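Colleague: Pasting a predicted model and its sequence here:
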Amino acid sequence: MRKKASHASEEADVNITPLLDIVFILLIFFIVTATFLREKGIDVRTPEDTPPDEPTILPPALLLAVQEDGFVRVNNVRVIDPASVKPVVQEFVAREPQGVVLVSAAPDSESGVAVQVMDQAQDGGAGAVSLALQKEQE
């Protein structure tokens, strides 16, 4: 029987010091040669950056309030029939060409009356007609 040669005293040793040196040199090289670009994204304007707005001038408005009884109150001054809204709007548009018409309907008023008032306002030549619901009084 032969004796197996034991090479216990001869272990393979790997020296990684030169490998680490090369890695650190490459790391320094890439950091030094890298160019960092500052790309512009979305331009965010915070409230501090925004210049103060000029005061807006509201266009003149004609308020047509549809009441619960079916009549229309014009600028909280006079009460008219819904069928006679057109001449009132025509007079307002003649005085104020850039004016708007606001139709405000009471919560208990009939929707058909509000629609009729809006149609009359459109026929009267109003450029913009808006509809709103009046708040219920407590």
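Modeller: Received, thanks. Since the model is a prediction, treat every value here as computed from it, not as a measurement. Residues are numbered from 1 along each chain as shown.

Colleague: Poorly predicted segments of this structure, please.
Modeller: Applying pLDDT under 70 to the chain picks out residues 1-9, 47, 49-52, 137-138.

Colleague: go with 90
Modeller: 1-20, 31-61, 70, 76-77, 82-83, 96-99, 106-112, 114, 124-138 (pLDDT under 90).

Colleague: Would you mind finding the longest helix in the protein?
Modeller: helix 17-33 (DSSP state H).

Colleague: Okay, now the sheet partners of the following helix or strand past that one, with direction.
Modeller: Counting by DSSP states H and E, the next helix or strand C-terminal to helix 17-33 is strand 61-66. Applying DSSP bridges, strand 61-66 is found paired with strand 72-74 (antiparallel), strand 100-105 (parallel).

Colleague: got those strands as CSV, with mean neighbour count columns?
Modeller: Glycine gets a C-beta too; all of them are placed from N, C-alpha and C. Compiled in CSV, the strands paired with strand 61-66 are given as follows (neighbours: other CB atoms under 10 Å):
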stretch, mean neighbour count
strand 72-74, 20
strand 100-105, 21
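
Colleague: ok so, going back, chain center to the longest helix of the chain: distance?
Modeller: With CA atoms, centre = their mean, to the nearest Å as the basis, helix 17-33 stands 51 Å off its chain's centre.
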